[in-house]
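K.L.:
need coordinates for the following:
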Amino acid sequence: MKRILVMIVPVVLILLAFRPVKSHTVTGKVTDETGAALAGVSVHVKGTSTGVSSDVNGSFRITAPGSNSTLVFSAAGYVTAEIKINGRTSISITLKAASQTMQEVVVVGMAQKQRKAVTGSVSTLYGAPPSSAYYQPVYDQIQQYRTDKDGIKEDFNREGYDKITENRFLKVTDNPLSTFSIDVDAASYSNIRRFLNQGQLPPAGAVRIEEMVNYFTYQYPQPVKNEPFSINTEISDAPWNKDHKLVLIGLQGKKIPTENLPASNLVFLIDVSGSMQDPLKLPLVKASMKMLVDQLREEDKISMVVYAGAAGLVLEPTSGDEKTKIKDAIDKLEAGGSTAGGAGIKLAYKTARENFVKGGNNRVILCTDGDFNVGESSDDAMERMIEQERKSGVFLTVLGYGMGNYQDAKMQKLADKGNGNHAYIDGISEAKKVLVNEFGGTLFTIAKDVKLQVEFNPTKVQGYRLIGYENRMLAKEDFNDDKKDAGELGSGHTVTALYEVIPVGVKSDFLQKVDSLKYQKNTAPLISSSQTEEILTVKFRYKAPDGDVSKLIEHPVLDKQVALTKTSDNFRFAAAVAQFGLLLRESEYKSAASYDNVLNLARKAKGYDEEGYRSEFVRLVESARLLAKGKPEPKSGEEPSEDDSK
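P.N.:
Numbering: from 1, shown residues only. A predicted model of the protein is given here:
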């Protein structure tokens, strides 16, 4: 018997070793810490080349070789996570935002070989086909220092921001009109989020309050009849100054279903220069572009221009239903060389003009860190070139990426001059927000050259200040001048503006007196009883996307003020965001603003928060409050500098 057992056992072991392994399928969903779905997350079986990516809803389906395999989840801007299947068929996971150390794994979809500098030959822009290893570890920390000849580290942060001179309070008797262009950009908020997530307060120049406010969607009613937008107003107390009032003006762009949008002629203009090698630059650009490709239809056309030391067309106009072909072209991109931004922009516009779709959405989408250093790179030269190109009817979307050398000021100017918009993509979730959730608003314009002019009633208001929009201010004469460029409104977009108002009879140090005029008659104050109950009138001018003549809308606002606690979630949340901006800027107009006040307002005004952006805002304010407590106070008599927050 023993001899038989000795003979049988090895045979059994051999049979067990070669038994078929039953595969195991797992489905699930990936979300971030706010509960928002994460698209483009890499999900792969550890130790194998099997991998998939989560879709726009964060969902994935993967087949592993066994029920005890380990799944690895990774995405740019998030901490990589590993989960053992343990026989489960459904696994949902929440990825945490990457900490300051930026230890993560990202999808790069490129050859694992040394990158080559780009020359005039377009073929050198391609690497070998993507390898079977879809995942590549990246730097432990984003380098923002350089070492000098003595081996001493120097700060190498070359980010560029324009100084912002805040709008001051103006007397209504001297300046009854306030005129400005709308701004739907939201780049400032996502850039501020990046600073706070790294444990830093942002520099003052990075804080554009109107972009912070307009990052969020507000529940304004859809327009009626054939108007492109609805107009909404609300008045209450200013949360940071009990003697002042706050006036909200909100626009809601008409929402056009994606299937009803006109055909698109899109040209991707992608920076593949050496400065784009960081993991939160070109790899994130590629992931972003793939998400946009997934939204395209058969009637949409895509071209792709890249630039480094030279510019080249690497994808001829291709139908939106050829998604594999487009994504393959994206996968082949590698970074290296100098940055001839001007040449790339010229070629992109030329391509867009040659494939122009009459009545369609013709647009160049620029993805870059803005660090142009070859050819036409000066702000003035680039602006003049963009101004000339926009006459063709081609719009411009500027998507900013990266840190350390991010040129915010330059990209703001390009988007402004190009009849376009500007967003900062700090991670895959922001790419999903801009290119998936807000696809129509980002890429399809329903009204261009939108201007606002507010006339204040001097019997009700003695002084006012527009909060933000400093780089969008216009002369009063510009309002009726159809040659004057202004902002664009996209499908479904909301635009919100806030005025801080000083009522008549309130004593204020913010209003400066001037001497009486010698040669002008001093106009007697208007008698209140002879006036209406209007506190102000808002006038709007806009053009159709392909129009040259503006249309006028007037909207009087009655002096019907309600208690702050009785205002809408729209009003209170917008006020909370604006107050947060005043604190980050260390504004001279912040009065009694405080982080506690911001949090109290925001927490009670989150309202409908499907994507979790408002909840995330609350967490960012909490982080900023902690960082502000640890910030050294300026010396006596010393003004805080533009870079104090770095």
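K.L.:
count of neighbours near residue 256?
P.N.:
By other Cβ atoms under 10 Å, 16 other residues sit near residue 256. For glycine as for every other residue, the C-beta is placed from the backbone atoms N, C-alpha and C.
K.L.:
typo on my end, it should be residue 299
P.N.:
14.
K.L.:
got the contact list for it?
P.N.:
263, 264, 319, 320 (Cβ atoms under 8 Å, 6 or more residues apart in numbering).
K.L.:
can I assume residue 578 sits in a helix?
P.N.:
Yes: looking at residue 578 with DSSP: H, G, I helix; E, B strand; the rest coil, it is inside a helix.
K.L.:
and it, how many neighbours does it have?
P.N.:
25.
K.L.:
show me what contacts it?
P.N.:
With the criterion set at Cβ under 8 Å, 6+ apart, residue 578 makes contact with 209, 212, 213, 467, 468, 498.
K.L.:
one more pass at 6 Å, please.
P.N.:
By Cβ atoms under 6 Å, 6 or more residues apart in numbering, the residues touching residue 578 are 209, 213, 467, 498.
K.L.:
which of these has the most neighbours?
P.N.:
Going by other Cβ under 10 Å, residue 213 tops the contacts of residue 578 with 31 neighbours.
K.L.:
what strand or helix carries that one?
P.N.:
In the assignment (DSSP states H and E), residue 213 maps to helix 209-214.
K.L.:
run through who's touching stretch 602-612.
P.N.:
34, 35, 36, 569, 572, 573, 576, 614, 615, 618.
K.L.:
burial of the residue lying closest to the first one once chain neighbours are set aside, as a residue count?
P.N.:
With Cβ to Cβ, 6 or more residues apart in numbering as the measure, residue 612 is the residue that lies nearest to residue 34, at 2.9 Å, once sequence neighbours are left out. Residues contacting residue 612 under the criterion other Cβ under 10 Å number 18.
K.L.:
and for residue 354?
P.N.:
11.
K.L.:
go on, the one 4 residues further on?
P.N.:
Here the number of neighbours of residue 358 (other Cβ under 10 Å) works out to 10.
K.L.:
for it, helix, strand, or coil?
P.N.:
Per three-state DSSP, residue 358 ends up coil.
K.L.:
what are the phi and psi angles of it?
P.N.:
phi -60, psi 130 (degrees, to the nearest 10).
K.L.:
I'd guessed residue 355 sits against residue 266; true?
P.N.:
No: counting by Cβ atoms under 6 Å, residue 355 stays clear of residue 266, with 9.6 Å between them.
K.L.:
how about the secondary structure of residue 73?
P.N.:
Applying three-state DSSP: residue 73 is strand.
K.L.:
can you give me the distance of it to residue 32?
P.N.:
12 Å (Cβ to Cβ, to the nearest Å).
K.L.:
before we move on, what about residue 91?
P.N.:
Residue 91 is 16 Å from residue 32, by Cβ to Cβ.
K.L.:
go on, residue 224?
P.N.:
Distance of residue 224 to residue 32, given as Cβ to Cβ: 36 Å.
K.L.:
who has more neighbours, these two?
P.N.:
Of the pair residue 224 and residue 32, residue 32 is the one with more neighbours under other Cβ under 10 Å, namely 24 against 8.
K.L.:
OK, contacts around that one?
P.N.:
38, 429 are the contacts of residue 32 under Cβ under 6 Å, 6+ apart.
K.L.:
so what pLDDT did it get?
P.N.:
Per-residue pLDDT puts residue 32 at 85.
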